[in-house]
Structure formats: C-alpha cells, structure tokens
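J.: Predicted model follows, preceded by the sequence.
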Amino acid sequence: MRACVAAFNKRAASSPEDPDIDIDNADKVLDEQSISDLAETGRVAFGIVYDNRQADADHAVANALQCYEDGIFRMFLNGCPLGDICTPVEVMEGDCLSVVRLTLLAGRMW
C-alpha cells in the first residue's frame, strides 16, 4: 500500500496545475498498443492526476484494512481465501496472489 501511495504522490507532484490545458503533454496520446495493454488490465486511462494533493500513507493503510474487514475486497493466495488481517501470510515466488474488489450493484430492470 505504501509503495502505491508513493507512486501516486510522485505522479501527483509532477502533474500540471490544469491537465486539460497542458500543451506540453498533447503528444502523449495513447497508441493502439498502449490501449491494448491497458485493456488487458481492465482499465484504459491516461494516468493523469487531476488533483495534485499528496495522499497520506498511514490513512491509506488504515482505509485498506477497514475495507478488507468490511468485505469490500477479498484476497486469495493460490486460489485459497485469506483469513483475518492478523493472520500472517507467506507469499513465495511463483505464488498467485489475487485481490478481488467486490461491487454492489443497485437498480431496477424496467
């Protein structure tokens, strides 16, 4: 989590004040290969941070732990669900760690 916050803060610090009028980055349009690569991850985005405030790593860790406890996401190691947040997990090279974000859907069919 801390590595993700550090990467976000680095992007936020280097983002322009108003990315919609950033002439210097106008040539950084995604090409077909970039779009294809990003589509495989499930999200196609330019990576622009629209708010250059810095994230707090301690707050992000606390939020992630609370989300895990609340069931917002589940984690699996080699297909087996991980348990309580206090249970140590040993991840070895070649293991498959999956993080699944659960989404609640609401609405009606008309």
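T.: Noted; the coordinates are in hand.

J.: just the helices in the chain please.
T.: For the chain, the helices defined by DSSP state H occupy 2-14, 32-41, 57-70.

J.: Mean neighbour count and distance to residue 77 added to those helices, as CSV?
T.: All C-beta spots, glycine's among them, are computed from the backbone N, C-alpha and C. Formatted as CSV, these follow (neighbours: other Cβ atoms under 10 Å; distance: least, Cβ to Cβ, whole Å):
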stretch, mean neighbour count, distance to residue 77
helix 2-14, 12, 19
helix 32-41, 10, 21
helix 57-70, 12, 14
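
J.: Endpoints of stretch 64-76, how far apart?
T.: Counting by Cα to Cα, to the nearest Å, you get 16 Å between the two ends of stretch 64-76.

J.: Please state the offset of it from the chain centre?
T.: Remark: stretch 64-76 is offset 14 Å from the chain centroid, using Cα atoms, centre = their mean, to the nearest Å.

J.: distance between the helix or strand bottoming out on mean pLDDT in the chain and the chain's centre?
T.: Least confident helix or strand of the chain, by mean pLDDT, DSSP states H and E, is helix 32-41 with a mean of 81. Taking Cα atoms, centre = their mean, the mean C-alpha location of helix 32-41 is offset from the chain mean by 16 Å.

J.: before we move on, what about stretch 1-16?
T.: Centroid separation for stretch 1-16 versus its chain: 12 Å, with Cα atoms, centre = their mean.

J.: Which of the helices of the chain comes out lowest on mean pLDDT?
T.: Of all the helices of the chain, the minimum mean pLDDT falls on helix 32-41 (a mean of 81).

J.: And for it, what's in contact with it?
T.: Residues from elsewhere that reach helix 32-41, judged by Cβ atoms under 8 Å, 6 or more residues apart in numbering: 30, 44-45.

J.: Can you tell me which of these is closest to residue 87?
T.: Set against residue 87, the nearest of those by Cβ to Cβ is residue 45 (33.9 Å).

J.: could you measure the nearest residue to the closest one once chain neighbours are set aside against residue 31, distance?
T.: Take residue 45 and drop its neighbours on the chain: the residue closest to it by Cβ to Cβ, 6 or more residues apart in numbering is residue 38, 6.9 Å away. Distance of residue 38 to residue 31, computed by Cβ to Cβ, to the nearest Å: 11 Å.
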